[in-house]
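[1] Give me coordinates for this.
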Amino acid sequence: MGLYFDHCHRGAIGMDLRELNHMGLKRVPERDVRLGDMAYLAQVDVDRAALEERWGGPESVFDGLAEWICFAFSPVEGEAILLQQEVFHPPAPGFILSVTKGLFSVDAANRIVEALGVVEARVSQVNMDAAQ
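    Sure thing, here's the model as predicted:
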């Protein structure tokens, strides 16, 4: 069963962001993430080599648009985080950060980047909907 946002369990409150730390973030297979439950949250400036050094190699995934490298994480049951970068023609440097609804906030974007444990990683752009 894939990871998904449970509307009945978490509602609009979302997860307790204190749970987002480098000890609680764990890699999960991208195939276990229900992509339909994900939303674009931010652009993250982070070096691929630094991510690989900290978290191991990325997965390769394909969709109707392109081939992507992907790092999938789950901080707690029912929540998911994806960092993706187009392989051949990335539209911007760094990675696209997509999350489940319980993590959809500016504060969560910053905490996720902290939890990655990559010193030079930073949020460079946030989805305007998350700021509301």
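[2] give me the beta-bridge partners of residue 123?
    Beta bridges link residue 123 to residue 44, judged by DSSP bridges.
[3] I'd guessed it sits against residue 113; true?
    Yes: using Cβ atoms under 8 Å, residue 123 is in contact with residue 113, at 5.5 Å. Where C-beta positions appear, they are placed from N, C-alpha and C, glycine not excepted.
[4] residues contacting residue 99?
    Shown in contact with residue 99 (Cβ atoms under 8 Å, 6 or more residues apart in numbering): 38, 39, 41, 79, 80, 81, 82, 108, 109, 112.
[5] gap between the helix or strand harbouring the third one and the chain center?
    Under the assignment given by DSSP states H and E, the secondary-structure element containing residue 41 is strand 39-45. On the basis of Cα atoms, centre = their mean, to the nearest Å, the separation between the geometric centre of strand 39-45 and that of its chain is 8 Å.
[6] biggest helix in this protein, by residue count?
    In the chain, with assignment by DSSP state H, the single longest helix is helix 106-115.
[7] what packs against it?
    Counting contacts by 3 or more Cβ pairs under 8 Å, 6 or more residues apart in numbering; DSSP states H and E, helix 106-115 packs against strand 39-45, strand 95-99, strand 122-126.
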